[in-house]
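1. here you go, sequence then predicted model.
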Amino acid sequence: MSAKKFSYNEAMMEVEQILASLEKDNPDIDEMSRNVKRAVELLQLCKQKLYQTDEEIKKVFEDLKVQ
């Protein structure tokens, strides 16, 4: 997902699916490890997206003050 643009909502839906699979009884340990790593990657991307969006919004408001 990091190689292409991603939708924040799609990423969060995937994280929710991963969490649901982890909550199942007796998940496969290898699959669990891959899923946790993927969830962390997705959450980092989402955090970055939120930060970028926050910075863009701040810039828009700053531009409004200047005008």
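-> Ah, there it is.
2. in which helix or strand does the nearest residue to Glu14 once chain neighbours are set aside reside?
-> Residue nearest to Glu14 in three dimensions, not counting chain neighbours: Leu42, with 5.8 Å by CB to CB, 6 or more residues apart in numbering. Bear in mind the C-beta positions are built from the backbone N, C-alpha and C, glycine included. In this structure, Leu42 is located in helix 29-66 according to DSSP states H and E.
3. what's that helix packed up against?
-> If contacts are counted by 3 or more CB pairs under 8 Å, 6 or more residues apart in numbering; DSSP states H and E, helix 29-66 sits against helix 8-22.
4. list the contacts of the helix it packs on.
-> Helix 8-22 is contacted from outside by 1, 27, 31-32, 35-36, 38-39, 42-43, 45-46, 49-50, using CB atoms under 8 Å, 6 or more residues apart in numbering.
5. buried ones among the residues you listed?
-> For those, a burial check counting by 16 or more other CB atoms under 10 Å picks out Asn35, Ala39, Leu42, Cys46.
6. find the nearest non-adjacent residue to the second one, please.
-> What sits nearest to Ala39 in space, not counting adjacent residues and going by CB to CB, 6+ apart, is Ile18, at 4.6 Å.
7. count the neighbours of that neighbour for me.
-> Ile18 has 20 neighbours, counted by other CB atoms under 10 Å.
8. before we move on, back to that, angle of the helix holding Leu42 against helix 8-22?
-> Counting by axes from the mean of the first three to the mean of the last three CA atoms, to 10 degrees, helix 29-66 lies at 150 degrees to helix 8-22.
9. just the mean pLDDT for helix 29-66, thanks.
-> Helix 29-66 carries an average pLDDT of 94.
10. let me know the helix or strand that Lys5 is in.
-> Using DSSP H and E, Lys5 falls within no helix or strand.
11. could you check how far it is from Lys58?
-> Taking CB to CB, to the nearest Å as the measure, Lys5 falls 22 Å from Lys58.
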